[in-house]
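Q: pasting a predicted model and its sequence here:
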Amino acid sequence: MNYPPKHHQEKQYENALELVKMYPLATVITASNNSVLSTHIPLVYTPKGTLGTLVGHLDKFNPQISHFEDKDHDLELIFHGPEVYISPSKYSTTQLPTWNYFKVHLRGKIKIKRAAQEVKESLIAMTAFLEGANPSYVLEENNPRMQAALDYIVGFHIEITSWEGKYKISQDKNKEDRSRAKQALIDGQSQVIEHIERLYANHQTKG
């Protein structure tokens, strides 16, 4: 494969999975009946299968479910890691402006899970995963809000069939410039925090 360049291709599946687990909010892309749809949803990785399985759920009114029912097409998943604009001023050598990023693309086959018990188990498992090693909240099986929501949720499993890691982090630059690009990515996270403050300030709908 000539694109992306070989130095931007992640070779270790374990590294790709680390990003999938750290940044579980995926862009799910499907194409069916001359239409393309996408949804942003968290997915939980489990080691079931050759490359593993992703577990998730959707609102039953999401139109993408009709695509999920089309067995003839795989779906595309994109997991987004850290990213940042790199100004040429950051480098010690003459360069052009660029954008550095970590992305993982997965493809897979989906199986819909409509049984209430299966959906409930996936919700509990996802909550446990997202809460992490020191959970501050446990979703109990008899939670009344979850029970009420089950009629409006469709669960699914995605068997991963292929993967591609796209890590563009100035690998083709010299040691000094690679270090500067890394620092630019770290510094960029403080700008993200400031942007979050502005986003919340502009999107408050309740007093």
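A: All right, it came through fine.

Q: gap between the host helix or strand of Ser66 and the chain center?
A: Here Ser66, judged by DSSP states H and E, is contained in helix 64-68. Taking C-alpha atoms, centre = their mean, to the nearest Å, one finds helix 64-68 lying 19 Å from the centre of the chain it belongs to.

Q: and it, what does it pack onto?
A: The contact analysis (3 or more C-beta pairs under 8 Å, 6 or more residues apart in numbering; DSSP states H and E) places helix 64-68 against strand 25-32, strand 35-42, strand 53-59, strand 98-113, strand 153-168. (C-beta placed from N, C-alpha, C; glycine too.)

Q: one more time with 7 Å
A: strand 25-32, strand 35-42 (3 or more C-beta pairs under 7 Å, 6 or more residues apart in numbering; DSSP states H and E).

Q: list the buried residues for that helix?
A: Buried residues in helix 64-68, counting neighbours by 16 or more other C-beta atoms under 10 Å, are found at Gln64, Ile65, His67, Phe68.

Q: show the pLDDT at Tyr137.
A: Tyr137 carries a pLDDT value of 97.

Q: now do the one 4 residues further on
A: Among the per-residue scores, Glu141 holds a pLDDT of 94.

Q: and Ser35, by the same measure?
A: What the model reports as pLDDT for Ser35 is 92.

Q: partners of it in the sheet?
A: Ser32 (DSSP bridges).

Q: before we move on, what about Val44?
A: Val55.

Q: what's the spacing between Glu176 and Ser170?
A: Glu176 sits at a distance of 11 Å from Ser170 (criterion: C-beta to C-beta, to the nearest Å).

Q: more neighbours, these two?
A: Between Glu176 and Ser170, counted using other C-beta atoms under 10 Å, Ser170 has the larger neighbour count: 22 against 11.

Q: out of the helices and strands packed on helix 64-68, which one sits most buried?
A: Across those, the average number of neighbours (mean count of other C-beta atoms under 10 Å) peaks for strand 25-32, which reaches a mean of 18.

Q: which regions of this protein lie under the pLDDT threshold?
A: For the chain, applying pLDDT under 70 flags the ranges 1, 205-207.

Q: gap between the lengthiest helix in it and the chain center?
A: As assigned by DSSP state H, the longest helix anywhere in the chain is helix 175-202. Distance of helix 175-202 from the chain centroid (C-alpha atoms, centre = their mean) equals 19 Å.

Q: show me what that helix is packed against.
A: Secondary-structure packing of helix 175-202 (3+ C-beta pairs under 7 Å, 6+ apart): strand 75-86.

Q: next, the angle strand 35-42 makes with the strand it packs on.
A: Orientation check (axes from the mean of the first three to the mean of the last three C-alpha atoms, to 10 degrees): strand 75-86 against strand 35-42 gives 70 degrees.

Q: packing partners for strand 75-86?
A: Strand 75-86 packs on helix 13-22, strand 25-32, strand 98-113, helix 175-202, going by 3+ C-beta pairs under 7 Å, 6+ apart.

Q: next one: the third one to chain centre, how far?
A: Relative to its chain's centre, strand 98-113 lies at 7 Å (C-alpha atoms, centre = their mean).

Q: alright, that wraps it up for me.
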